[in-house]
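[1] Compute the structure for the input listed below.
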Amino acid sequence: MLFNMSEQEWDDVMDVHLKGTFSVVQPASRIFKEQGGGRIVTLAQYPACMVMVDRQIMAQPKMLSPV
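    Coordinates of the predicted model:
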């Protein structure tokens, strides 16, 4: 649960969900720019769409994802 999380645990969750997406999308977008186009599709799991008490830690970074 969020109230029991340390800042390091929060950072770890954010690293997996946001930096993971960034790490894949950024290089792909560079290739697409060189090619003149392309498509990137990112998917969110169900917890990103609704609040589930036992899964709130997963939902937060997915809702914040810029892609």
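
[2] tell me which residues in stretch 25-35 are buried?
    By neighbour count on 16 or more other C-beta atoms under 10 Å, the buried set for stretch 25-35 is residue 25. All C-beta spots, glycine's among them, are computed from the backbone N, C-alpha and C.

[3] Determine the longest helix present in this structure.
    Ranked by residue count under DSSP state H, the longest helix found in the chain is helix 20-35.

[4] What is that one packed up against?
    Contact here means 3 or more C-beta pairs under 8 Å, 6 or more residues apart in numbering; DSSP states H and E; on that basis helix 20-35 packs against no helix or strand.

[5] Restrict that helix to CA atoms and write it as CSV.
    Below are the C-alpha coordinates for helix 20-35, written out as CSV (Å, rounded to 0.1, in the frame of the first residue of the first chain):
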residue,chain,number,x,y,z
GLY,A,20,10.7,1.2,-19.0
THR,A,21,8.3,2.8,-21.5
PHE,A,22,10.7,5.6,-22.2
SER,A,23,13.6,3.2,-22.8
VAL,A,24,11.6,1.5,-25.6
VAL,A,25,9.7,4.4,-27.1
GLN,A,26,12.6,6.9,-27.4
PRO,A,27,14.9,4.8,-29.6
ALA,A,28,12.0,3.6,-31.6
SER,A,29,10.8,7.1,-32.2
ARG,A,30,14.3,8.1,-33.5
ILE,A,31,14.1,5.2,-36.0
PHE,A,32,10.6,6.2,-37.1
LYS,A,33,11.8,9.8,-37.6
GLU,A,34,14.6,8.5,-39.9
GLN,A,35,12.1,6.3,-41.8
